[in-house]
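Visitor: Sequence and predicted structure are below.
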Amino acid sequence: MSLPSPLAIVQAQLDAYNAKDIEALLTTYAPDAEQYQLHGELLARGHEQMRSRFLTRFAEPDLHASLISRTVMGNIVIDFELITRTFPEGAGSVEMLCIYEIANGRIQKASFATGKTRLNTPSHATA
């Protein structure tokens, strides 16, 4: 049986994220997978730490990741996404660069670079 392509794995991860399906999401990651800030700190190691991070995010009512572009090179998949979120300051969005390294049919390592947060501004009606 052949393993799914890196593209298929990352797409399944994005679909599960947007569906807020924690079990489907975790099946795209190796049990000992690691998530990092790009060139920085470890964010989570293993399914239990990732489950906690994702479930916190999934509690946000407006959460949605929109794929802007994707590049695949061998076992590396790089997504540029616009993430709609509910921040403590209100609803908004943030750009993210997500770099996934695939091994043995699962995401082994993921690194994230987060852009500037943009809050939605309420429209002001004039009388």
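Guide: Sure thing, it's come through.

Visitor: Look at Val10 and give its secondary structure.
Guide: Assigned with DSSP: H, G, I helix; E, B strand; the rest coil, Val10 falls in the helix class.

Visitor: And for the closest residue to it other than its chain neighbours, the neighbour number?
Guide: Of all residues not flanking Val10 in the chain, Val77 sits nearest, at 4.3 Å (Cβ to Cβ, 6 or more residues apart in numbering). Any C-beta I mention is one placed from the backbone N, CA and C, and that applies to glycine too. By other Cβ atoms under 10 Å, the residues close to Val77 number 24.

Visitor: Offset the numbering so it begins at 883, please.
Guide: Okay, residue one is now 883; in that scheme the one you just asked about reads as Val959.

Visitor: quick one: Glu963 and Gly928, what's the gap?
Guide: Using Cβ to Cβ, to the nearest Å, Glu963 is found at 23 Å from Gly928.

Visitor: right, and Asn986 touches Pro913 too?
Guide: No. The pair Asn986 and Pro913 does not pass the contact test of Cβ atoms under 8 Å, sitting 10.9 Å apart.

Visitor: could you give me the average pLDDT of the helix or strand hosting Glu977?
Guide: Using DSSP states H and E, Glu977 maps to strand 972-985. Averaged across strand 972-985, the pLDDT comes to 96.
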